[in-house]
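# sequence first, then the predicted structure:
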Amino acid sequence: MKERVTFEKVRQYRKKLKVVLMPLEVARLHGAIAADTITLDPRSRIPLAKTLVHEVIHGIYPLWSEAQVVREERRLWNHLTWRERAEAWTWLGKAHVWNGEGRVPEVEREPIAQQEVVGEQAV
């Protein structure tokens, strides 16, 4: 049976990561994870806290398909208490805003033409 993601797992893994807010140039990409950095696009219409949870799940289960991650992210997000959602939003307060200088954090994704699109999220 497939393992379920808990908010506690997300909370623990999130502590190991740096969050950077910056525009992502890949169309329809809301966030990405590479090494120990999660990059989020603040222009996204999807709530940043939800995208952050999505990317943390990618980090916890790097071999899961995008469809599995989306399914688990939706299940988890819909079952969070208001306090857990509020905690996820506070994580964004610790994010770094990319100032346009220096090295851009690496984003490893397959080209958008090869990605399947589910709703508003590129997968």
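Structure's in. What do you need?

# residue closest to the middle of this protein?
Centrality entry for the chain: nearest residue to the mean C-alpha point is E55, 2.5 Å, by C-alpha atoms, centre = their mean.

# wouldn't it be in contact with A32 here?
Yes. Counting by C-beta atoms under 8 Å, A32 is a contact partner of E55 at 6.9 Å. The C-beta positions use only the backbone N, C-alpha and C, and glycine is treated the same way.

# so what touches the helix or strand hosting R11?
Using DSSP states H and E, the element containing R11 is helix 7-14. Outside helix 7-14, the residues within contact range by C-beta atoms under 8 Å, 6 or more residues apart in numbering are L52, V53, V56, I57, G59, I60, L76, L80, E84, E87, A88, W91.

# got the angle between the one helix or strand E72 maps to and helix 7-14?
Following DSSP H and E, one finds E72 within helix 66-79. Counting by axes from the mean of the first three to the mean of the last three C-alpha atoms, to 10 degrees, helix 66-79 lies at 120 degrees to helix 7-14.

# that concludes my questions; thank you for your assistance.
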